[in-house]
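# model the structure of this input:
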Amino acid sequence: STLVAGMFFCCPGACRLEGGSGVVISVTDKNQPQRESNSYKNRSMFTIGGPLETDSNGELTGALPYIDGCTDTILIHPQIQGTPCLNHLHFPPHIRQTRHTHPSGRVGIVVRGMGDCVLVEEGDDGRDMTVRIPLRPGMVFVIPKDAAHAFETTTTMGNNGDGSCSTLDVVAFHPDSDYGPTGTDHPMVNRTMVGGVSASLIPSIQTSMNGVDK
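Numbers count the residues shown, from 1 in each chain. Got it, this is the predicted structure:
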């Protein structure tokens, strides 16, 4: 298959990439020691998606509300609750995001626009200092677990050079999630009715499956 700019993929087994440029993230069983090596949890579906869709004005947008006017689209959903996911984050112009952290690390690539990642780090004197990192298309970045940060698309930094603000679009990899199906909470079992009762509420008939929590 041929991948073009703005496309993404997930390959649960061996694959070979030729030519082009981009970022590849490998997730192994070592990253998730609580799961058995042959567990279904460690297997995602083979997926090729994109390019990222634009609106009627040719702008990238997110499908879900996020924070501070930003939006998000889940590009690759967790196959099972707790497993990795891939997201597209859209930041409109004039955004000053609330400073926040994540309980696990993040890897991102800038796919369009300009902006800044504002980090809080400890200085040599032990006091917190603000570090502003300009983001430009094609840049890859890593945000460590629990690192305080925010994204901005303001007129003073990350602008177009003419005083106008740019949007910023980032594709971000999350190594875990608190969202996704479980053994007793997914559309098939939820909507299977036995005497008017969902099969998700009848443990005696539920299938047990290695590596899938109920």
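# helices of this structure, residue ranges please.
Along the chain, the stretches classed as helices by DSSP state H are 187-190.
# which stretches of it have low pLDDT?
29-43, 155-163, 211-214 (pLDDT under 70).
# which residues of it fall in strands?
8-10, 47-49, 64-65, 71-76, 85-91, 95-96, 106-113, 115-122, 128-135, 140-143, 149-153, 168-174, 193-194, 197-198 (DSSP state E).
# tell me the gap between the second one and the middle of its chain.
Remark: strand 47-49 is offset 15 Å from the chain centroid, using Cα atoms, centre = their mean, to the nearest Å.
# surely residue 131 is in contact with residue 118?
Yes - counting by Cβ atoms under 8 Å, residue 118 is a contact partner of residue 131 at 7.3 Å. For every residue, glycine as well, the C-beta is placed using N, CA and C.
# who has more neighbours out of the two?
residue 118 (18 against 12; other Cβ atoms under 10 Å).
# any idea how far residue 146 lies from residue 76?
In this view, residue 146 and residue 76 are 24 Å apart by Cβ to Cβ, to the nearest Å.
# list the buried residues of stretch 3-22.
6, 8-10 (16 or more other Cβ atoms under 10 Å).
# next, the distance between the ends of that stretch.
10 Å (Cα to Cα, to the nearest Å).
# contacts for that stretch?
24, 43-52, 75-76, 86, 109, 111, 138, 171 (Cβ atoms under 8 Å, 6 or more residues apart in numbering).
# number of nearby residues for residue 137?
Count around residue 137 with other Cβ under 10 Å applied: 13.
# show me the contacts for it.
Residue 137 is in contact with 110-114, counting by Cβ under 8 Å, 6+ apart.
# before we move on, the earlier item: so residue 146 and residue 76 - more neighbours on which side?
Neighbours around residue 146 and residue 76, counted as other Cβ under 10 Å, are more numerous at residue 76. The numbers are 19 against 10.
# I'd say that one and residue 83 touch.
No - at 9.9 Å, residue 76 and residue 83 do not qualify as touching, with contact defined as Cβ under 8 Å.
# joint contacts of these two?
residue 44.
# related to what we said a few turns ago, could you single out the nearest of the contacts of residue 137 to residue 101?
Residue 101 has its nearest neighbour among the contacts of residue 137 in residue 110, at 20.6 Å by Cβ to Cβ.
# how far away is the closest one from residue 190?
38 Å.
# cool, residue 86 as well?
25 Å.
# between these two, which one's more packed in?
The neighbour comparison of residue 86 against residue 190 (other Cβ under 10 Å) goes to residue 86, with 22 against 14.
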